[in-house]
Each structure stands twice: as C-alpha cells, then as structure tokens.
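In: got a sequence here, can you build the structure:
(2 chains)
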Amino acid sequence: MRNLRRTTQGIFLLIFLFLFVQTESKGGDELGYPVKIWLDFDPLIFISTLLSSHSVTRALLLSLIVVVVTIFLGRIFCGWICPLGTLNTMTGALKRKASAPVHHTWYRTKYYILLIVLASSLFTAQLAGIMDPISLLIRSLSLSIYPLVNYMTVSFFDTIYDLHPPGVVAVSELLYTLAKKTFLAFNQPHFFQGIFIGLLFILILGLNLIERRFWCKYLCPLGALLGILSRYSVLKRSISEGCTSCGICETACPGGAVIDRDGTWKSQECLYCMDCDDLCPRNAVSFGFTGKTEAVSLNLGRRNVITSICAGILAVPLLRIRPLSGSGYFNRKLIRPPGSLDEQAFLRRCVRCGECMKVCITNGLQPTLLDAGVEGLWTPKLVPRVGYCEYRCTLCGQVCPTGAIKRLTLEEKEKTKIGIAMIDKGRCLPYAFGTPCLVCEEVCPTPRKSIWLEQVPVRDRDGNETMIQQPKIDSTLCVGCGICETFCPVRGEPAIYVISTNESRSMDNKLVLD
Amino acid sequence: MNRRDFIKTTVMAGLSVSLPVNLDLLIGNLHALETVDIAVAQGPSPAIITTAAINAIGGIGRFISRGDIVVVKPNIGWDRTPEQAATTNPEVVATIIRLCYEAGAKTVKVFDNPVNDERRCYKQSGIADAARNAGADVSFMDKRKFKDVKLGGLSLKEWPLYTDILEADKVINVPIAKTHGLATLTLGMKNWMGVMGGWRWRIHQRLDKSLVDVAQVIKPTLTILDAVRVLTDNGPQGGSLQDVKRLDTVIAGTDQVAIDSFGATLFGLTGHDLGYVRIGNEAGLGVMDLSRLNIKKIIL
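Out: I've put the predicted structure just below:
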C-alpha cells in the first residue's frame, strides 16, 4: 500500500510540475495544456470565490469532484494527491525519526484559519489564496523556486561554455539543449519579492523537521475544509481485537489522526495514507466501508470558533480603511493585467496563485507588495521597466482560475486599455537634448500609432537651427501596454512611462472623455 | 511547396528569364546578362519571382558554393502576421533557403533579434515554420554568441554583433520594405539591427551613420528585398491592412546601397531621401545613383 501511495503521489507531483512548466508561451495564441486545472479542482478556491464574488466560475465546478470524493473516501486528496502534501512527505523524510504530535490541540489552528478565510470571503475579501496549498505552491514555484532553479542551471552551463574545456562543451551543450527542451524557462524569470516568497516556502517545508507534515496537520486551510467534509466519509479505519496498543501507528501517523493507544481515531485528521495499516505488527488496523469505528468528534471550542469568525469579519473593514478603495484615489503605478475586473471586483476574485505572472511573456507582471493595499498583497501588476504587455498576447486571462482577469479574444485585447503613456519632457532626448530618438514611436503597437511625431525647429547652443521630430501621445489610442517605457533608451527613470489612468476596467480612473 | 511545385517554379522562372533575352543574347551580348546589378521581378507568386530575380543576376550558383554555411537573415522583428507586412514574406524566405540547398549549401541558418517576444514573432510571422519546412536551421538568438566587434565607424566605435553572421561563409539579407518614423524607410541596411546585441536603442540618436557602420562589417553576398507586400504607413510595425500595399515584387542584387536606393523608388522617393543611402554612397559602401546601374525588370 505504501509503495502504491508513493507512486501515486509521485505521478500527481509530476503532472503538477509538467503543467507548471507548460505555463509558458510557445509563440502561439494558446498554451495547449490545461495548466490551471489544479486550481480548478480546488474546493477552497471554489467556495471562497463563490462567497466573495457571489458568482460561480464555471471551471471551478470541477472542484466539486474533490468534494464528492472526500465525502466518500476522506482526505485522500491530502494523502495521495496534493503536490504540496507530497513535497511535505518528501522533506519530512529528512527528519530522522517520526514522532507523535507533541501539540495535541494545534491541529485546531487550521480550522480557525479556514473560518477566518471563509468569514472574510463572506464579507467580500478574498484571502484564501494566501494559504491555499495549490495557490501557495504555484506562487512560490513561479516567483521564486523556479527562477532559482533556472538561474542555477543556466549559469552552470554558461560557466562551462565560458571556460570551454576541450571535449566537455559538446556534452554540456547537449545537456543544456535537453534541459531547455524539458524544464528550463525560455527567458530567465525574475520577480520582485522572489526571495521573500521563497524563504516563506522554504520555511513551510522546513517545518517538516519539527514534525512531519507540520503544514498539513496544523496550518492548511484546504486540509481543514476537506477534514470537515471527510467526517462523514464512508471509508473508515477500524481496529480489530488483536491490537496490543503498541503505539506504532500513533507515532507513524503523518496526520496526527491516531490518538491514544486504544485506537481512537480523528477521522477529519486522517490523510488516508494507510501507513498504520501497513505498519501494524499484528495486522489489527484496516480501512474499509464496513466495520466498527471509534471516531472522535471535532471539538473546536465555541469561543474559539466565534473569535475566528469575528476576526475574519473584522479583517475586511480593517483591510479597507485605506485611500485605495472608493475614495477616488487611484494608485498610478497599479497597472493591472489586461482584462482585469474593476479593482474591487478584482480583489474579490484574485487568489494570488501567480499563474498570470508565470505565464506573462515579457515577465512584466510582478507581485505587488503594498501597491494595492495589504488586501492586494501579491496580486499582479505590470512593471513596464521590467516588461511590457505584449499587444497580441492574451495568456494571463487564459490562466486566471477565478476570472479576476477575464479571458479576452484577440480583438478585445487589442482594444483593452490598461493605462496611458506620459512623456517626461525633461528627460526625453528630442525635447531635452535636441537629439533624434523616436524608439517609442517605432515600437508602439497600435495599428494607427498612438505616438506620433511633430516636426519642430530647435536651436543648438550656437544658435543653429535644425528640425527635429518630437513624440506626442494620442490619448484616445494609447492602450498603456508600456512597450515605449520598456524600450525607452533613457535608462533609470524612463522619459516615457505608463500610469494606470485611463484603464478600461475603471469607470472613474479616466483621463480622456470618450 | 512540394518538390513538384518547386521544380515547376524553377523551370518557369528560368524560362521567363531567358525569354526577353532571346535574340540579343544569341548575337553575343553575353556581357550585358552577366552584369545585371539589380533584378526586379514582379508577379503573383512570391516563390516564382524570388527565383526569377535571383536567376536574373546570375543564378544562385554564382553566389553559393558547395559546403557553404549560409545565413539567411529575414526581418522577424514584430509579432505580426504575413498579411500585415511587418515581417519578411515567409514564402520568399523559404524559396531562398531551398535555392541555397540546391546550390549545395551545407547549412542554412535563419535567425533574427526581434523587438517583440521572439517566440511570438517567429511563430506569427510564419517564417519559423516556412524556413524549417525548407530545411533551415531556425534558432532563437543565443545571448552568449554576441561578441564586441571593432567598427571604427562614423558613429559606432565598437558594438556587440552576432558571431554566427560574422562567421558564415555567405550572408543573404532578406528585408521587407516598410516605412519607418526615423529612418523614413526600412530596407536592407536597417535590417542589420537584427544582428546587433547590447542596448541597441541608443543608436537611434545617430541612426543613419550607425547603420552604415554596421553594414560596412556585414557585407552580404546578396540582398533580396521583399516587396510582395509593403507597409506604406505606421511602419515598421503596422497592424492595419489599410496600410499594406501589394506590389508583388522581389528585388535582388549584390550592392546593399543600390538595393536600398532602388527600394526608395517603390515609395515614390529616391535614395537621396534616405540618410543611410547617402552616407553609404559617400563612404563607398555602394552605389546610390541608379542611372549608373544595369537594372533588369521582369514581369511574370
């Protein structure tokens, strides 16, 4: 059973990683793989989005399959499928000896986290994604671990290439090509806060050294949700009379579900790994659909439950007493991806999974820190100095699991404004220095260019007059893609830059009367 | 295009080139045929006119030898489709690749350093697929292969250029004719921006001179200007079909200044209107004055 479980975990982890790597453009308009399917299957994302946005995202209905499976078979998702669970199992193996949980009440924490998340989503704040395991894993890999692995691999091969030891390069370049074809990124990804998000992730894995599957036992809100559902599961653990209360199963149980040596069992904590069945020296443990079982009821404590719910409710206004919501203040640097919903609706849906940032073809989509308030932590924003929004690319909307970024057709995309470009005449070469340039005009992608040129006479310091072309912005045409800012040859602060004003998604954040 | 089509194309193009020559040629005016400087072929099939233009300047065998490593450098600069005329016509590119292999080339390499995302440009332009089908080695540019090259030019002293193009036995430049805000038109010499590394946007400050400096180092064996569709406004990127004009023309020659000078006439301009053509002419890179050249026009 153990090997079967490990193989299953391995297969699902590989599927997860494969789809993760495929979350990258190959030049076509679509990706060709259902890269967000793990999130579609996530019931926590489904229920929190349902509560916070009062609408059903159709793809997320797939998560009901997990709900049904859990009701029948318990948390087998946690024990057999969840890729973060598998990574926890793997790092947990680094801990020399398994030990029974020291903290007998800590398991309740995850239920309180779940209650806070659900209570706040009922009051329209979407906080589930921060700790949802699938969302957390995709975000951590996208923004931190994958860039790290990519950097490491590329610099390894680059070093060999530079040193050029005879005979070795041919082999290393062959391996490099193979790596590029299988798992390397097309361009090295880099993200603000990559180190911070990465350290958090390493910390979560590191907790396994304190107790195996620390995260799954004590913190995971999805685990808590599935735990509640699994309380009614048909598949149950039962103990036959041969049990000598040796305690092996209690020590080995990765979910902390076996308590007391008499064989009582917390069904909602059980990961259904069935290790206890395997390990029992007397073969007294079995899982089945029949049989007597002694499950302990889940006691969270009324006070604690009420406190958690109140905390979740109070978090919402606390997060929103800031100038960003409904006060007429718009953060000019908060350039949302094309197809994003109006800011409030956007925050109700975005689960910060990082899919859009992973797939962004220019690496321009970056995680926010406080640009969208604490509530908008790690949501995507375009940073054109890093990368612009590719005019004919619609990938971010295709991978968004909750519809925070709408899926746009190519025609819609080409008309969607995410901001507007502004010229800094004190830095722009033709204005400030009388030097020809016009890179912004060249790269401007709208069919009728949003940047046009005015022929103007300028004088040099000796009084000689020459004609020069100066760029101007057509405010009705500019879509705010930011390619002008990306390629502006004025390094440091650019001479042309995009601000969020004029974005299509907002009724009020407008410059042009149209 | 399959083999049969290809043979048909080649034969038809060959016939068409030999037809207008007929008696004169027999009388012995062989010399005139050999010194065609620019061939301008016009017709509905990009493959046929490309072949005809090359045949008119002496045939591919005059330029490509057995075992050559050839770089065919189209313009793949933008995330646009062939109909939008911002990138070189894929059929023209594929035809040139096939001809090179016919002439015994060992490898034909195709690459460009696009402005938009490489993956999208290669795919959406149709060039990657067409070139691969024709047997070319299509690759994205490898950042490690740019090397600082001493130019000692009018504008640029040194610039990183792509080693594959410097080390190739033969280079065929295959630009598309388009308008350009700063350069007025982008034709052959402007296409070398696609083999420049570094922060190449800086060269716009002295664009014309810089282009000549780079063109001095990369002397193409052959320049084949794609004017099947040209972009008459909002270039070099375009996007609107209203700015696209079908000229169904391909122009071939060995002198990149002359080709660009002729290219200007497609837009009602002359070589004199283009700074880099004037400077290229003065620097002795090529000939701007079209009246000094033997230009052969072929209509198919």
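
In: for the spatially closest residue to B:Trp78 that is not a sequence neighbour, grab phi and psi.
Out: Spatial nearest neighbour of B:Trp78, excluding adjacent residues (CB to CB, 6 or more residues apart in numbering or on different chains): B:Ala86 at 4.3 Å. In this view, the C-beta of every residue, glycine as well, is placed from N, C-alpha and C. Note on B:Ala86: its backbone torsions stand at phi -100, psi -10 [degrees, to the nearest 10].

In: burial count for B:Ala86?
Out: 32 (other CB atoms under 10 Å in any protein chain shown).

In: got a list of what it touches?
Out: B:Ala86 sits next to B:Asn75, B:Gly77, B:Trp78, B:Arg80, B:Ile176, B:Lys178, B:Leu231, B:Gly235, B:Pro236, B:Gln237, B:Gly238, B:Gly239 when contact means CB atoms under 8 Å, 6 or more residues apart in numbering or on different chains.

In: so which helix or strand of chain B has the lowest pLDDT on average?
Out: helix B:30-34 (a mean of 50; mean pLDDT, DSSP states H and E).

In: what residues does chain A have near chain B?
Out: Residues of chain A found near chain B (CB under 8 Å from any CB of the partner chain) are A:25-28, A:158, A:161-162, A:186, A:361-362, A:390-393, A:429, A:435-439, A:441-449, A:453, A:469, A:487-489, A:491.

In: returning to that earlier point: can you pull the pLDDT of the residue nearest to B:Trp78?
Out: Model confidence at B:Ala86, given as pLDDT, is 97.

In: does B:Asp112 count as helix, strand or coil?
Out: coil (DSSP: H, G, I helix; E, B strand; the rest coil).

In: wait, it sits on B:Val72?
Out: No. Look at B:Asp112 against B:Val72 with CB atoms under 8 Å: they stay out of range, at 10.2 Å.

In: the more surrounded of these two?
Out: Higher neighbour count among B:Asp112 and B:Val72: B:Val72, with 30 against 25, using other CB under 10 Å.

In: ok, now which ones touch the more buried one?
Out: B:Val93, B:Ile96, B:Ile97, B:Cys100, B:Val108, B:Lys109, B:Val110, B:Ala131, B:Ala136, B:Ile172, B:Val174.

In: look up how far chain A lies from the fourth one.
Out: Counting by CB to the nearest CB, to the nearest Å, the separation of B:Cys100 from chain A is 25 Å.

In: equivalent analysis for the fifth one, please.
Out: Separation of B:Val108 from chain A (CB to the nearest CB) stands at 20 Å.

In: wait, doesn't that residue sit right on B:Tyr101?
Out: Yes. Using CB under 8 Å, B:Val108 makes contact with B:Tyr101 at a distance of 6.5 Å.

In: what is in contact with those two at once?
Out: B:Ala134, B:Gly135.

In: more neighbours: which of those two?
Out: B:Val108 (27 against 18).

In: pop out the phi and psi values for the more buried one.
Out: Torsion angles, degrees, to the nearest 10, at B:Val108: phi -120, psi 120.

In: likewise B:Gln42?
Out: According to degrees, to the nearest 10, B:Gln42 has phi -130, psi 140.

In: who's in contact with the most centrally placed residue in chain A?
Out: Closest to where the C-alpha atoms of chain A average out (CA atoms, centre = their mean) is A:Cys353, at 1.7 Å. The contact partners of A:Cys353, taken as CB under 8 Å, 6+ apart, are A:Lys36, A:Leu39, A:Gly129, A:Ile134, A:Ser135, A:Ile138, A:Arg139, A:Pro401.

In: contacts only, for the fourth one.
Out: Pointing back at A:Ile134 there. Counting by CB under 8 Å, 6+ apart, A:Ile134 has contacts A:Trp38, A:Leu39, A:Asp42, A:Ile45, A:Cys82, A:Pro83, A:Leu84, A:Leu222, A:Cys353.

In: hmm, try it at 7 Å
Out: Residues in contact with A:Ile134 (CB atoms under 7 Å, 6 or more residues apart in numbering or on different chains) are A:Trp38, A:Leu39, A:Asp42.

In: next: the fifth one.
Out: With contacts taken as CB under 7 Å, 6+ apart, A:Ser135 has the following neighbours: A:Leu39, A:Ile45, A:Gly129, A:Val351, A:Arg352, A:Cys353.

In: selecting buried members of the residues you listed in PyMOL, what would you type?
Out: Those of the contacts of A:Ser135 that count as buried under 16 or more other CB atoms under 10 Å in any protein chain shown are selected in PyMOL with:
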select buried, chain A and resi 39+45+129+351+352+353
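
In: from the contacts of A:Ser135, which is closest to chain B?
Out: A:Cys353 (22.6 Å; CB to the nearest CB).

In: include secondary structure and pLDDT when you put the contacts of A:Cys353 into TSV, please.
Out: Shown next, in TSV, are those (DSSP: H, G, I helix; E, B strand; the rest coil; pLDDT from 0 to 100):
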residue	secondary structure	pLDDT
A:Lys36	coil	95
A:Leu39	helix	96
A:Gly129	helix	95
A:Ile134	helix	98
A:Ser135	helix	98
A:Ile138	helix	98
A:Arg139	helix	98
A:Pro401	coil	95
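
In: do a quick rundown of the helices in the stretch 101-250 of chain A.
Out: A:109-122, A:128-131, A:133-140, A:146-163, A:168-182, A:194-206, A:214, A:221-230, A:248-252 (DSSP state H, counting those that start in this stretch).
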